[in-house]
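[1] Mind looking at a prediction? Sequence and model below.
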Amino acid sequence: MDEGATLENPDHAHLRMACIGFLWTNVANSKKGRMVIGTAEKGQPQGALGKWARARAELQVRQWFTEVPDFIITISAPWWLQAGDAERCALIEHELYHCAQDKDAFGTPKFSKSTGMPVYVMRGHDVEDFVGVVRRYGAEATQVQELVDAANAGPEIAAASIAHACGNCA
C-alpha cells in the first residue's frame, strides 16, 4: 500500500517488511456453525506435525509462493465475488490485524538476532472482554473504550459487515 493512499492504514505499518501470501479458495468452510470467508495464519506450517508432514507442508507453500511467507491470508472466492468493495476491504484489514510484529516485555518490536528481520506472531482481537462486563461496569472499566469511540464516530471509509466471517475469530 502506498503511503498516503486512501486505503493506507498506519495500524499496519509494522507489516511493511512482512511477506504476505494470499490464497483463494472455493472450498466452503465453517467454524462453530459460522461461515468462514477469510483466515490469516503464519506462513510456516504450524501445529504438531511430524518431520515429513512438516516438510510436505513447507514444500507446498514454497511451490505456491517461491518462499515461505511470514503470513498467509486465505479468502473465500465465492464470497469475494458477491461482496462489495467495503466488505472486501474490511475483510482484508481484519485479517491483517491478526498479523503482527512480536514485542518484548517492554513493548518494543522484536527482531531476530540471527537475521535482523522482524519476528512475527498471530494476534488475537484487541477487544477481549465480555458484553456483560461492559454492560455492568462501562467501557471505561475494560479495554473497549477505544472501540466504543470508534463505533460512535462512524466508518472512515464505508460501512461493511464481515463480523460473521473470520476463521481466526469464529
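    In hand now; what should we look at? Residues are numbered from 1 along each chain as shown.
[2] next SSE after the worst-scoring helix or strand of the chain on mean pLDDT?
    Here the helix or strand of the chain ranked lowest by mean pLDDT, DSSP states H and E is helix 131-137, holding a mean of 62. Counting by DSSP states H and E, the element after helix 131-137 in chain order, helix or strand, is helix 145-153.
[3] List the buried residues for that next one?
    For helix 145-153, a neighbour-count test (16 or more other Cβ atoms under 10 Å) marks residue 147 as buried. (C-beta placed from N, C-alpha, C; glycine too.)
[4] chain center to it: distance?
    20 Å (Cα atoms, centre = their mean, to the nearest Å).
[5] tell me the mean pLDDT over it?
    Per-region confidence: helix 145-153 scores 80 on mean pLDDT.
[6] Let me see the ranges of the helices in this structure.
    For the chain, applying DSSP state H gives helices covering 51-65, 77-82, 85-98, 131-137, 145-153.
[7] of those, which approaches residue 123 most closely?
    Closest approach to residue 123 among these is made by helix 85-98 (5.5 Å; Cβ to Cβ).
[8] which parts of the closest one are buried?
    87-98.
[9] Just give the closest residue to residue 21, not the sequence neighbours.
    residue 69 (3.8 Å; Cβ to Cβ, 6 or more residues apart in numbering).
[10] I misspoke; the intended subject was residue 22.
    Per Cβ to Cβ, 6+ apart, closest to residue 22 is residue 73, 5.2 Å.
[11] partners of the nearest residue to residue 77 once chain neighbours are set aside in the sheet?
    Leaving aside its sequence neighbours, residue 77 sits nearest to residue 24 (Cβ to Cβ, 6+ apart; 4.4 Å). Per DSSP bridges, the residues bridged to residue 24 are residue 75.
[12] surely residue 24 meets residue 78?
    No - using Cβ atoms under 8 Å, residue 24 is not in contact with residue 78; the gap is 9.7 Å.
[13] Mind checking which of those two has more residues around it?
    Neighbour tally, residue 24 and residue 78, criterion other Cβ atoms under 10 Å: the higher count belongs to residue 78, 13 against 10.
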